[in-house]
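# build the 3D model from these lines:
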Amino acid sequence: MPKVRLTVTDSTCRCGYFKKGQTFIVEDLCPPLCHELWNNIYPLVYALQNGASLDYGQGRARMFDAKCPDGGRVSIHGEVMED
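Numbers count the residues shown, from 1 in each chain. A predicted model of the protein is given here:
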């Protein structure tokens, strides 16, 4: 199963959990993300780990951009790590 790299691209997290530039690698376990953000991006991560490409800009790619459901305070970029 491919690994997915998650990179925080912007953060004004109220709890101070996330800083711009932080990265997390998703293999088979949930990374140390807050539940709200993880619940928002998990379907995208799962799809990428299982070979999907997603709508991205004008085309499709094996990556995504998403925001925290708490008013978009954290922006995150996910992408498949090529072996």
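# and the worst-scoring helix or strand of the chain on mean pLDDT, how far out from the chain middle?
Of all the helices and strands that make up the chain, strand 54-56 has the lowest average by mean pLDDT, DSSP states H and E, namely a mean of 90. Centroid displacement of strand 54-56 relative to its chain, using Cα atoms, centre = their mean, to the nearest Å, is 13 Å.
# next: stretch 5-12.
Centroid displacement of stretch 5-12 relative to its chain, using Cα atoms, centre = their mean, is 8 Å.
# how about stretch 52-64?
Centre-to-centre, stretch 52-64 and its host chain are 13 Å apart (Cα atoms, centre = their mean).
# repeat that for stretch 58-65.
How far stretch 58-65 lies from its chain's middle: 12 Å, per Cα atoms, centre = their mean.
# what mean pLDDT does the helix or strand immediately after the least confident helix or strand of the chain in the chain get?
With elements assigned by DSSP states H and E, the helix or strand that comes after strand 54-56 is strand 59-61. What strand 59-61 shows for mean pLDDT is 93.
# strand 59-61: partners in the sheet, and parallel or antiparallel?
strand 54-56 (antiparallel) (DSSP bridges).
# what comes into contact with the strand it pairs with?
For strand 54-56, contacts defined as Cβ atoms under 8 Å, 6 or more residues apart in numbering pick out 44, 47-48, 60-65. From N, CA and C alone the C-beta is placed, and that goes for glycine too.
# now do stretch 16-26: distance from first to last residue.
21 Å (Cα to Cα, to the nearest Å).
# next, the buried residues of it.
For stretch 16-26, a neighbour-count test (16 or more other Cβ atoms under 10 Å) marks 18, 22, 24, 26 as buried.
# next step: those restricted to strands.
Secondary structure from DSSP state E places 24, 26 of the buried residues of stretch 16-26 in strands.
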